[in-house]
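S.K.: Sharing a model that was predicted from the sequence below.
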Amino acid sequence: METTTDKSKETTTNKMETFLSKALKIAAVVAAYWFISISMVFLNKYLLSSEDLKLQAPLFITWYQCVVTVLMCFLLSYLAKFLPSFVSFPEMYVDPKLCRATLPLSVVFVCMITFNNLCLKNVGVAFYNVGRSLTTVFNVIFTFFLLKQTTSVQALICCGVIIGGFLLGVNQEGEAGYLSVMGVMFGICASASVALNAIYTKKVLPLVDNNIWRLALYNNVNATFLFLPLMFVFGEFTEIVNFNQLTSSHFWALMTLSGVFGFAIGTVTGLQIQFTSPLTHNISGTAKAAVQTVIACIYFSESRSALWWLSNLTVLGGSGAYTEVKRREMKKQHNLDMTVVVTEEKKENV
């Protein structure tokens, strides 16, 4: 006959197995996020500025990544229809009206991925995170001017820390002889575009039933057409035609892999937030950026000064502190809202 002690042991064992299973899933998702994100940066750096390729066509590389994303969306939609037990993905279709409705966001999206890649092309991987670290600052600026929302003093102090770290990083990058003024300018533009993209995404998401994958489809469909005139204006078609590895299967394999990574990063980012929390995701991203910087310095044999490393830590610390400040503010606002609801309910009952 099963005793109470046996049942207690069984319950404890089941809880431990459940906890272990959950912990392993979280570890796997975080590891996937780190691997895909870091690999994508290094692979894009190779495609954009490798001496082996010498392909001066960053817009073409970005355009191809958008094409791969569109194809991935339709492929997964097709597999989900015929293999629903193995693949879960929303049905994909292109509505011309939605293409037009999402076009303003798509323009910002094109600017974002273009400036990101141009920044990466002109600066080293080690400096990449500092070079485009002003996203939080621009988010505060655009939130104030576009959404008329103010920011707390604590959050502004965090922004000041980030700006200080950015300026110190630029100074030390110049001292080390690695500074690219164009790279820094592209990084600033990338930061502004990322902040704008986040704001416009919130406005446009309801048009696609709040489905992030449908929005990704329309953004990338629009982007494939928006890039074509830009490629023509900057003379990239001539560069592509004269490229000596245009028929190389190795080159196209790397190009396709970069597109797959670009698509996959959206998936693992969503999974990491789902299995942990937005705050944990930001902390993971901050830690990933630090590890990525260390790997880049080791891989490219770059020696950096103590002040250069301090600039990285300052930027990461300021970003992490800003995330924590916003979390506390959101929690405080939530508690106030709940108090108001409870008070209103009590009044109605009286």
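M.R.: Structure's in. What do you need?

S.K.: mind listing what the residue lying closest to V137 once chain neighbours are set aside touches?
M.R.: Leaving aside its chain neighbours, V137 sits nearest to C159 (4.8 Å; criterion: Cβ to Cβ, 6 or more residues apart in numbering). The C-beta positions use only the backbone N, C-alpha and C, and glycine is treated the same way. Going by Cβ atoms under 8 Å, 6 or more residues apart in numbering, C159 touches 136-137, 140, 151, 318, 322.

S.K.: now the strand or helix carrying C159: how far from the chain's centre is it?
M.R.: Secondary structure from DSSP states H and E places C159 in helix 153-175. Relative to its chain's centre, helix 153-175 lies at 21 Å (Cα atoms, centre = their mean, to the nearest Å).

S.K.: So what's the residue count around the nearest residue to S191 once chain neighbours are set aside?
M.R.: Of all residues not flanking S191 in the chain, L134 sits nearest, at 3.9 Å (Cβ to Cβ, 6+ apart). Using other Cβ atoms under 10 Å, L134 has 24 neighbouring residues.

S.K.: What of the one 4 residues further on?
M.R.: Here the number of neighbours of F138 (other Cβ under 10 Å) works out to 21.

S.K.: And for I295?
M.R.: Neighbour count of I295, defined by other Cβ under 10 Å: 15.

S.K.: how near is it to Y200?
M.R.: Separation of I295 from Y200 (Cβ to Cβ, to the nearest Å): 33 Å.

S.K.: swap in K121?
M.R.: Look at K121 and Y200: by Cβ to Cβ, they are 25 Å apart.

S.K.: Check I188 too.
M.R.: I188 sits 19 Å away from Y200, taking Cβ to Cβ as the criterion.

S.K.: Then L254?
M.R.: Distance of L254 to Y200, computed by Cβ to Cβ: 31 Å.

S.K.: Next: S37.
M.R.: For S37, the distance to Y200 (Cβ to Cβ) stands at 23 Å.

S.K.: same check, this time on L156
M.R.: For L156, the distance to Y200 equals 23 Å [Cβ to Cβ].

S.K.: Between the two, point out the one with more neighbours.
M.R.: Neighbours per residue (other Cβ under 10 Å) separate L156 from Y200, with Y200 holding more: 19 against 15.

S.K.: tell me the pLDDT at that one?
M.R.: On the pLDDT scale, Y200 is placed at 89.

S.K.: Which residue, other than its chain neighbours, is closest to it?
M.R.: Nearest-residue entry for Y200: L105, 4.5 Å, with adjacent residues in sequence omitted and distances by Cβ to Cβ, 6+ apart.

S.K.: got it, and Q154?
M.R.: In space, and not counting its chain neighbours, Q154 is closest to V325: 4.8 Å by Cβ to Cβ, 6+ apart.

S.K.: and the angle for whichever strand or helix holds that neighbour with helix 153-175?
M.R.: If you go by DSSP H and E, V325 is part of helix 306-349. For helix 306-349 against helix 153-175, the angle by axes from the mean of the first three to the mean of the last three Cα atoms, to 10 degrees is 160 degrees.

S.K.: list the helices and strands helix 306-349 packs on?
M.R.: For helix 306-349, the elements it packs on are helix 125-131, helix 135-147, helix 153-175, helix 278-299, judged by 3 or more Cβ pairs under 8 Å, 6 or more residues apart in numbering; DSSP states H and E.

S.K.: which other residues reach the helix or strand following the third one?
M.R.: Scanning forward in sequence from helix 153-175 by DSSP H and E, the next helix or strand is helix 181-204. If you take Cβ under 8 Å, 6+ apart as the criterion, helix 181-204 is touched by 101-102, 104-105, 108-109, 111-112, 115-116, 118-119, 121-123, 127-128, 131-139, 141-143, 146-147, 170, 215.

S.K.: With adjacent residues omitted, what lies nearest to S39?
M.R.: Closest to S39 by Cβ to Cβ, 6+ apart is F261, at 6.2 Å.

S.K.: got any ranges where this structure has weak pLDDT?
M.R.: 1-17, 19, 277-279, 340-342, 344-350 (pLDDT under 70).

S.K.: How far does stretch 78-91 sit from its chain's centre?
M.R.: Chain-centre distance of stretch 78-91: 25 Å, with Cα atoms, centre = their mean.

S.K.: For it, list every residue counted as buried.
M.R.: 80, 89-90 (16 or more other Cβ atoms under 10 Å).

S.K.: Tabulate those (CSV), appending secondary structure.
M.R.: Shown next, in CSV, are the buried residues of stretch 78-91 (DSSP: H, G, I helix; E, B strand; the rest coil):
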residue, secondary structure
A80, helix
F89, coil
P90, coil
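
S.K.: which among those residues gets closest to L310?
M.R.: Within the buried residues of stretch 78-91, proximity to L310 (Cβ to Cβ) peaks at F89, which comes in at 44.4 Å.

S.K.: need the contact list for that closest one.
M.R.: With Cβ under 8 Å, 6+ apart, F89 has these contacts: 76-77, 79-80, 213.

S.K.: switch the cut-off to 6 Å
M.R.: By Cβ atoms under 6 Å, 6 or more residues apart in numbering, the contact list for F89 reads 76-77, 80.
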